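Q: Need a 3D model of the sequence below.
(2 chains)
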Amino acid sequence: GAGVSQSPSNKVTEKGKDVELRCDPISGHTALYWYRQSLGQGLEFLIYFQGNSAPDKSGLPSDRFSAERTGGSVSTLTIQRTQQEDSAVYLCASSARTSGNKNTGELFFGEGSRLTVL
Amino acid sequence: GDSVTQMEGPVTLSEEAFLTINCTYTATGYPSLFWYVQYPGEGLQLLLKATKADDKGSNKGFEATYRKETTSFHLEKGSVQVSDSAVYFCALSSSGGYQKVTFGIGTKLQVIP
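A: Below you'll find the model as predicted:
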């Protein structure tokens, strides 16, 4: 696609339910990032994928959070047993590689999935 | 680890005023530096970047210079417009590892006519 696509754009769920958030990166971008944006908290790094592997999961807040990526493309972020503090906008971004096989550091963001946990 | 510190907002300016948003960073090596902008109701997008010391990034009248000696990347614009109202994020991409991107907290700018 032309840009990074995220779905759903809005999700309202009840405390304790599981949710899945989807990200479809720009075609050809091998690097994929998930961030969380909460009011007054800036962008909180969650997880980084290179291809289908996740060499950096250090930002996942708890074991209720998991993510996978298949076919080097679509990624799914899953939050189990949601809590009210999980309410935030979840942002996905992708990035290209340089000719030297390094990430450019220039991220292309989707418009985010706004999660509200009641 | 790497970190980015930027001034907290909100910043309110009158149209045509001069804008400075301060950003300093902590990182090993020589990171790349970025400013991203998030307009109301839109996703984040890259505003400008600089990849080495003394480089100046510029776009849409905004400028920022990579200052290694002061570990800073302050964003400036000589004359802001109402359409510049947005949240501005300073970020760095580390030079080692996988070039992890670390963001500042964001600074909300409101420009009034």
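
Q: Around chain A, which positions in chain B sit nearby?
A: B:32, B:34, B:36, B:42-46, B:49, B:89, B:92-93, B:98-106 (CB under 8 Å from any CB of the partner chain). (Glycine included, C-beta is placed from N, CA and C.)

Q: How about the secondary structure of residue B:91?
A: strand (DSSP: H, G, I helix; E, B strand; the rest coil).

Q: low pLDDT regions in the chain?
A: No chain was given, so I picked chain A. Applying pLDDT under 70 to chain A flags the ranges A:1, A:40, A:98-103.

Q: not quite, I wanted chain B
A: Answering for chain B: no residues sit below the bar, that is pLDDT under 70.

Q: residue contacts, residue A:38?
A: Applying CB atoms under 8 Å, 6 or more residues apart in numbering or on different chains, we find residue A:38 in contact with A:44, A:87-89.

Q: can you rerun that using 6 Å?
A: Contacts of residue A:38 were listed using CB atoms under 6 Å, 6 or more residues apart in numbering or on different chains, and they are residue A:88.

Q: Would you quantify the distance from it to chain B?
A: 11 Å (CB to the nearest CB, to the nearest Å).

Q: Pairing partners for that residue in the sheet, please.
A: residue A:42 (DSSP bridges).

Q: filter the residues of chain B next to chain A to the buried ones?
A: B:32, B:34, B:36, B:43-44, B:46, B:49, B:89, B:92-93, B:98-106 (16 or more other CB atoms under 10 Å in any protein chain shown).

Q: With the flanking residues excluded, which residue is spatially nearest to whatever residue of chain A ends up closest to chain B?
A: Residue nearest to chain B within chain A (CB to the nearest CB): residue A:105, separated by 2.6 Å. Spatial nearest neighbour of residue A:105, chain neighbours left out: residue B:93 (2.6 Å); criterion: CB to CB, 6 or more residues apart in numbering or on different chains.
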